[in-house]
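Participant: I'd like to go over a predicted model; first the sequence, then the structure.
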Amino acid sequence: MIYSAVPKERGAGMSENNTAYELVMFLKDKQIKASTAESLTGGLVSGLITDISGASQVFECGVCSYSNRVKHEVLEVTEQTLEQYTEYSPECAKEMAEGIRRLSGAELGISTTGIAGPAGGTDEKPVGTVYVGISIKNDTRAYELRLGSELSRTQIRELSAAKALSLALERLREEYGNG
């Protein structure tokens, strides 16, 4: 299942530090471990989590899987997925999130993949198209973000990392309650 999530105001009101803090506290409260598999964000999601004191109690590992070889060999994204759907797809995001859960043994897997630009976009998937995978228990979902090609590469990456944290927290609350 694919969910579409587009921030109402790009960057406005999004406090990744508060979201990261809330996420880490939720994970600690529920005794849940998390791991990340990042392509587009290149470690920003892991960095936001580990910026929070106490993250070592809940964060298992982060894999920066920028190449398709690493997506396949480390995270076990299938070659079929990469060929048929590409690395810029909800299918890839889901397999990345599931793969990092298997690799780390964490209950929560967060993944990011997409097109940060300024090149690489197409009419179907323009620059600013991002997929976030969230895997909890036996449920893995991919969320599509259409952030807009007018944003800079840095803005797309930072906004994607912040939104990944927000989506992870939202899914955890849905699964485990508000804490």
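Facilitator: Sure, I can see it.
Participant: confirm residue 112 sits in a helix?
Facilitator: No - counting by DSSP: H, G, I helix; E, B strand; the rest coil, residue 112 falls outside a helix, being strand.
Participant: name the helix or strand for the residue of the chain most remote from its centre, please.
Facilitator: No residue in the chain sits farther from the centre than residue 123, which is 23.3 Å out by CA atoms, centre = their mean. For residue 123, there is no host helix or strand (DSSP states H and E).
Participant: all strands of this protein, in order?
Facilitator: Secondary structure of the chain by DSSP state E: the strands cover 2-4, 34-38, 59-64, 108-114, 129-136, 139-146.
Participant: turn those into JSON lines, columns for distance to residue 80.
Facilitator: All C-beta atoms are positioned from the backbone trio N, CA, C, and that covers glycine. Formatted as JSON lines, the strands of the chain follow (distance: least, CB to CB, whole Å):
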{"stretch": "strand 2-4", "distance to residue 80": "18"}
{"stretch": "strand 34-38", "distance to residue 80": "18"}
{"stretch": "strand 59-64", "distance to residue 80": "21"}
{"stretch": "strand 108-114", "distance to residue 80": "16"}
{"stretch": "strand 129-136", "distance to residue 80": "17"}
{"stretch": "strand 139-146", "distance to residue 80": "16"}
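Participant: do you know which of the ones you listed lies nearest residue 86?
Facilitator: Residue 86 lies closest to strand 108-114 among these, at 9.2 Å (CB to CB).
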